[in-house]
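S.K.: What follows is a predicted protein model with its sequence.
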Amino acid sequence: MQALVLVGGEGTRLRPLTLTQPKPALTLVDRPFIRFMLDWLARHGVDDVIMACGFRAELLRERLGEGGGDRPRVRYLEEPEPLGTAGPIRFAADQLDDRFLALNGDILTDLDLTALIRQHEERGALGTLALYPVPDVAGYGVVRHREDGEITEFVEKPDLGDVDTNEINAGAYVLERSVIDRIPPDRAVSIEREIFPRLVGHGLYGLRLEGYWMDIGTPERYLQASWDILERRVDTDLGSQLDRGGPLIGDGARVDSEAMLRAPAFVASGAEIEAGTQVGPRAVIGRESVVAAEAAITGSVLLAGCRVGRGAQVTGAIVGAGAEIGAGAEIAPGTVIGEGARIAATARLEAGARIDPAGAIG
Ligand code: GDD
Ligand code: MG
């Protein structure tokens, strides 16, 4: 089976992290986020993946490689300009099979794609969308359908007054090749706004799937996805290494015996945790990062190569790769620090602060 994965968005809501890394290449717990998607696709028989890239395709290729062996083969297609969520399908037309999967490239999920493909075949559908129930449909595509799955209405990001369903478009579709003819060429086209509404009544189906599903496109959801992997709410290869329920410590990580590690926590290889620190509950310490004595990291992710000074407190934050946090600094919840930024000793960052890559505070 073939899959086209849309990875050309700018990841605006994850800035400043996405100013220096494309969203799919951002590390989630211990690997480029998109690898979780590739593992999931492979589990459902996908052996050929086309990455529909815009922004920073070369960085993604560097981090992800070409696959092969027991992994799906991965190709990269670069758009001359952003083509939206349907344009890339048209752009990739001569490489696509008669039937293929199309996926948003920012979802962490273990939904049953095999069941989706099966229903698609049984109904002889033109397109079949994975649907997922969420408590709050704001910011998603909302779908109404009949009992047999035939979609009667698709509304992208509707005004909330109009919504009486909790089922959303989960961003995973099985499509027949003939759908490509309906996508206008050479311009940006939104599959949600222009294509799906027009396919209603012509063989567009949905299937509600149970399991785990999360769009990782905001800082809050990126953090939640990290805890969900560590707490095994989502089925992943990484999660299956976490059976023991304790913190996971990578090869060559140095954790002082006087450090307090509270699960769920992940300390990547080469990281160093000094005495008197508190790490977790809910913490990811990236490769080669150093947490100096007496510092506390809770509900936070440090990407690779960060340095946190003595006694600093990092709570509910994401700290970009190579950033430095001075001794005694306090980083409040919701903060996102860009790659390589420097926060001075004893600085206090307000909740929700955004610090530019290589920016300096204090
Ligand atoms: N190649 C390419 N080119 N990819 C793009 C482009 C583009 O111009 N624009 C967006 N994408 C990719 C993004 O990288 C992302 O993986 C995917 O398309 C969806 O874009 P988002 O910007 O993340 O959309 P959204 O999250 O607001 O809404 C979409 O996803 C929801 C589920 O998470 C819609 O499909 C909604 O209907 C859906 O409910
Ligand atoms: Mg999204």
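M.R.: In hand now; what should we look at? Residues are numbered from 1 along each chain as shown. Ligands and ions are numbered 1, 2, ... in the order given.

S.K.: What is the burial count for D251?
M.R.: 7 (other CB atoms under 10 Å). Where C-beta positions appear, they are placed from N, C-alpha and C, glycine not excepted.

S.K.: Against D30, how distant is the residue lying closest to it once chain neighbours are set aside?
M.R.: In this structure, D251 finds its nearest non-sequential neighbour in S269, 4.6 Å apart by CB to CB, 6 or more residues apart in numbering. As judged by CB to CB, to the nearest Å, S269 and D30 stand 9 Å apart.

S.K.: May I have the secondary structure class of the residue nearest to D251?
M.R.: coil (DSSP: H, G, I helix; E, B strand; the rest coil).

S.K.: what sits against it?
M.R.: Taking CB atoms under 8 Å, 6 or more residues apart in numbering, we find S269 in contact with 250-253, 287.

S.K.: Tell me the residues of the stretch 151-300 of the chain that contact ligand 1?
M.R.: 156, 168-169, 171, 192, 215, 217 (CB under 6 Å from any ligand atom).

S.K.: Helices of the stretch 51-200 of the chain, start to end?
M.R.: Listed in chain order, the helices found in the stretch 51-200 of the chain under DSSP state H, counting those that start in this stretch are 57-64, 87-91, 113-123, 196-199.

S.K.: now check the second one, is it near ligand 1?
M.R.: If I follow you right, that is helix 87-91. Yes: Helix 87-91 is in contact with ligand 1 by CB under 6 Å from any ligand atom, via P88.

S.K.: I183 touches A86, doesn't it?
M.R.: Yes: between I183 and A86 there is a contact at 4.8 Å, judged by CB atoms under 8 Å.

S.K.: which stretches of the stretch 1-150 of the chain aren't confidently modelled?
M.R.: 55 (pLDDT under 70).

S.K.: Mind telling me which residue of it is nearest ligand 2?
M.R.: D106 (4.4 Å; CB to the ion).

S.K.: gap between that residue and L19?
M.R.: For D106 relative to L19 (CB to CB), the value is 16 Å.

S.K.: go on, I180?
M.R.: The value you get for I180 to L19, if CB to CB is used, is 33 Å.

S.K.: of those two, who's got more company?
M.R.: Here I180 and L19 are compared on neighbour count by other CB under 10 Å; more neighbours surround I180, at 19 against 16.

S.K.: from memory R193 sits against E156, does it?
M.R.: Yes: proximity of R193 to E156 meets the contact threshold set by CB under 8 Å, at 5.1 Å.

S.K.: shared neighbours, those two?
M.R.: Common neighbours of R193 and E156, using CB under 8 Å, 6+ apart, do not exist here.

S.K.: and E220, which of the three is it?
M.R.: helix.

S.K.: Which pLDDT value belongs to it?
M.R.: pLDDT, E220: 96.

S.K.: And the closest residue to it other than its chain neighbours, how far from ligand 1?
M.R.: Spatial nearest neighbour of E220, chain neighbours left out: G334 (7.5 Å); criterion: CB to CB, 6+ apart. As judged by CB to the nearest ligand atom, to the nearest Å, G334 and ligand 1 stand 20 Å apart.

S.K.: any idea how far G270 is from G334?
M.R.: G334 is 28 Å from G270, by CB to CB.

S.K.: Name the residues contacting each of S269 and D30.
M.R.: Listed as contacting both S269 and D30 by CB under 8 Å, 6+ apart are G250.

S.K.: Poorly predicted segments of the stretch 201-350 of the chain, please.
M.R.: If you take pLDDT under 70 as the line, the stretch 201-350 of the chain has these spans: 242-246.

S.K.: For burial, what's the neighbour tally of the closest residue to P158 other than its chain neighbours?
M.R.: Once flanking residues are discounted, P158 sits nearest to V142: 5.4 Å by CB to CB, 6+ apart. V142 has 23 neighbours, counted by other CB under 10 Å.

S.K.: show me the contacts for V142.
M.R.: 154-156, 158, 163, 165, 167-169.

S.K.: now those: which count as buried?
M.R.: Among the contacts of V142, the ones that count as buried by 16 or more other CB atoms under 10 Å are 154-156, 163, 167-169.

S.K.: need the residues you listed in CSV with pLDDT, can you?
M.R.: Shown next, in CSV, are those (pLDDT from 0 to 100):
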residue, pLDDT
F154, 95
V155, 93
E156, 94
V163, 72
E167, 95
I168, 96
N169, 98
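
S.K.: Let me have those residues in JSON lines, extended by distance to L38.
M.R.: Listed next are the buried ones among the contacts of V142 as JSON lines, based on distance: CB to CB, whole Å:
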{"residue": "F154", "distance to L38": "27"}
{"residue": "V155", "distance to L38": "31"}
{"residue": "E156", "distance to L38": "27"}
{"residue": "V163", "distance to L38": "33"}
{"residue": "E167", "distance to L38": "26"}
{"residue": "I168", "distance to L38": "23"}
{"residue": "N169", "distance to L38": "21"}
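
S.K.: Would you mind measuring from L4 to R99?
M.R.: L4 sits 12 Å away from R99, taking CB to CB as the criterion.

S.K.: actually A327, sorry about that
M.R.: 58 Å.

S.K.: hmm, back to that, who has more neighbours out of L4 and R99?
M.R.: Per other CB under 10 Å, whichever of L4 and R99 has more neighbours is L4, with 25 against 14.

S.K.: Could you list which residues are in contact with the nearest residue to A188 once chain neighbours are set aside?
M.R.: Leaving aside its sequence neighbours, A188 sits nearest to G84 (CB to CB, 6+ apart; 4.0 Å). Residues in contact with G84 (CB under 8 Å, 6+ apart) are 188-191.
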